[in-house]
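J.: Got a sequence here, can you model it:
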Amino acid sequence: MTGHSPEIDPHTGVETTGHEWDGIKELNNPLPRWWRFIFWASVVVAIGYWILMPAWPALPGLQGHTIGVLQQSDRADVAADTAAMRQDRSVLSARLAAVDASSILRDHDLSQLALSLGESAFGDNCATCHGAGGRGAKGFPRLADDVWLWGGTLEDIERTIRLGIRSNQTDTRTSEMPAFGRDELLPQDQINDLVQYVLQKSGQRADPAAVVRGQPLFETNCASCHGVDLHGDRSKGAPNLTDKDWIYGGDAATLRRTIYGPRNGVMPAWVERLDPATVRALAIYVHSLGGGE
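T.: Residues are numbered from 1 along each chain as shown. As a prediction, this is how the structure comes out:
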């Protein structure tokens, strides 16, 4: 019996497979040798990988996987790298806590470590209130400007972070503005005059007659902390009332609310929560945001 003669495509001269769809015949073109070489090489490499490296999951009902002849583990490598990094940082952290804060900025390695640790710690502990990058929010001071209630040097910032403001620490920074309305220290009409006086001194529109009445009231009740010139006093945490930087707002309604019953907010003391190196790193990071002195 004679074999079936292969059909040759008249246009290309290539043998067909005998498959045809809608008058289109499939040509029997073999795969290129380079493609077949790569395919079989990939098979060999895959078999070698299965033998040398972790590759196959355990049988159903069992846990784990094949560990491979080399017993390589990315998890173990990461753990080793992390341990080495922590060891290196622990040495630098010890130096960070031991040396004077201002001298850290002159040490490139220490300053870079401090900024890295400080940025991370700020995101974990401070950004919730002060915002990313220290941009602040209503009721929470902006840390990226040059306006400071208690001072903007590294030492001032570090002390504020360590001891907080109105916290449970004995040496915490404390400033208590009286509640002139809530405690009935001043009647409502005098509070309104004080509001107009502060508005005028901060460059806003105000009632001239009320400003005249408000000046002696301010000098009697407020100047001991905010100063006769309203420029504030850092030693007492009293803000400057002549600029446009306000924690809660500088409009008439907000000023009236503040004078009537101030918030006297609390910043926690971080001395019990963070180690000295992290506190110092935070101070250096905040100082670097743009407003440090």
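J.: Can you point out the buried residues in the longest helix seen in the chain?
T.: In the chain, taking DSSP state H as the definition, the longest helix is helix 74-98. Of the residues in helix 74-98, 92-93, 96 count as buried by neighbour count, 16 or more other CB atoms under 10 Å. In short, each C-beta sits where N, CA and C put it, glycine included.
J.: so where's the stretch 151-293 of the chain shaky on pLDDT?
T.: For the stretch 151-293 of the chain, the stretches flagged by pLDDT under 70 are 291.
J.: Helices of that one, start to end?
T.: In the stretch 151-293 of the chain, the helices defined using DSSP state H, counting those that start in this stretch lie at 154-163, 188-201, 208-221, 223-226, 252-260, 276-288.
J.: Quick check: C222 touching L194?
T.: Yes - the pair C222 / L194 is scored as a contact, 7.3 Å apart, by CB atoms under 8 Å.
J.: May I ask you to confirm that A121 belongs to a strand?
T.: No - secondary structure of A121 (DSSP: H, G, I helix; E, B strand; the rest coil): helix, not part of a strand.
J.: ok, the nearest residue to R182 once chain neighbours are set aside - contacts?
T.: Distances taken as CB to CB, 6 or more residues apart in numbering place G261 nearest to R182, at 4.0 Å, with adjacent residues excluded. Neighbouring residues of G261 by CB atoms under 8 Å, 6 or more residues apart in numbering: 179, 181-182.
J.: Just the buried residues of the residues you listed.
T.: 179, 181.
J.: Packed most tightly, which of the helices of the stretch 151-293 of the chain would that be?
T.: helix 276-288 (a mean of 23; mean count of other CB atoms under 10 Å).
J.: How about residues contacting the strand ranked longest in the chain?
T.: If you go by DSSP state E, the chain has its longest strand at strand 16-21. Strand 16-21 is contacted by residues 6-9, 25-28 when judged by CB under 8 Å, 6+ apart.
J.: So which of these is the closest to L199?
T.: E26 (88.3 Å; CB to CB).
J.: what about that closest one, which helix or strand?
T.: strand 24-27 (DSSP states H and E).
J.: about what we covered before: for P32, which of the helices of the stretch 151-293 of the chain is the nearest?
T.: Between the helices of the stretch 151-293 of the chain, helix 276-288 lies closest to P32; by CB to CB that is 59.4 Å.
J.: Give me the contacts around the closest one.
T.: 93-94, 96-97, 101, 104-105, 111, 113-119, 121-122, 125-126, 134, 143, 152-154, 157-158, 161-162, 270-271, 274, 292.
J.: Next: stretch 114-130.
T.: Residues contacting stretch 114-130 (CB under 8 Å, 6+ apart): 89, 93, 96, 104, 132, 134, 136-137, 140-143, 270, 273-274, 277-278, 280-286, 288.
J.: Could you tell me which strands the longest strand of the chain is paired with, and in which direction each runs?
T.: strand 24-27 (antiparallel) (DSSP bridges).
J.: Please report how far the closest residue in space to W246 that isn't next to it in sequence lies from Y260.
T.: Nearest non-adjacent residue to W246, counting by CB to CB, 6+ apart: T254, 7.4 Å away. T254 sits 11 Å away from Y260, going by CB to CB, to the nearest Å.
J.: just C126 next, same as before
T.: Distance, C126 to Y260, by CB to CB: 30 Å.
J.: what's the answer for E7, then?
T.: 100 Å.
J.: for A127, same thing?
T.: Relative to Y260, and taking CB to CB, A127 is found at 31 Å.
J.: for G292, same thing?
T.: Taking CB to CB, one finds G292 at 34 Å from Y260.
J.: Can you get me a residue count around D107?
T.: 15 (other CB atoms under 10 Å).
J.: That one: what's it in contact with?
T.: V99.
J.: In space, what's closest to G181 - neighbours in sequence excluded?
T.: Per CB to CB, 6+ apart, closest to G181 is Y260, 3.3 Å.
J.: I figured that neighbour hits I191, correct?
T.: Yes - the pair Y260 / I191 is scored as a contact, 6.1 Å apart, by CB under 8 Å.
J.: domain parsing for this structure?
T.: 85-171+267-288, 188-260 (automatic domain parsing).
J.: closest to P54 out of those domains?
T.: Comparing these by CB to CB, domain 85-171+267-288 comes nearest, at 24.3 Å.
J.: Pick out the residue nearest the middle of this protein.
T.: G123 (2.9 Å; CA atoms, centre = their mean).
J.: Report the separation between that residue and G164.
T.: Remark: distance between G123 and G164 (CB to CB) = 19 Å.
J.: What of N125?
T.: Where G164 is concerned, N125 sits at a distance of 12 Å (CB to CB).
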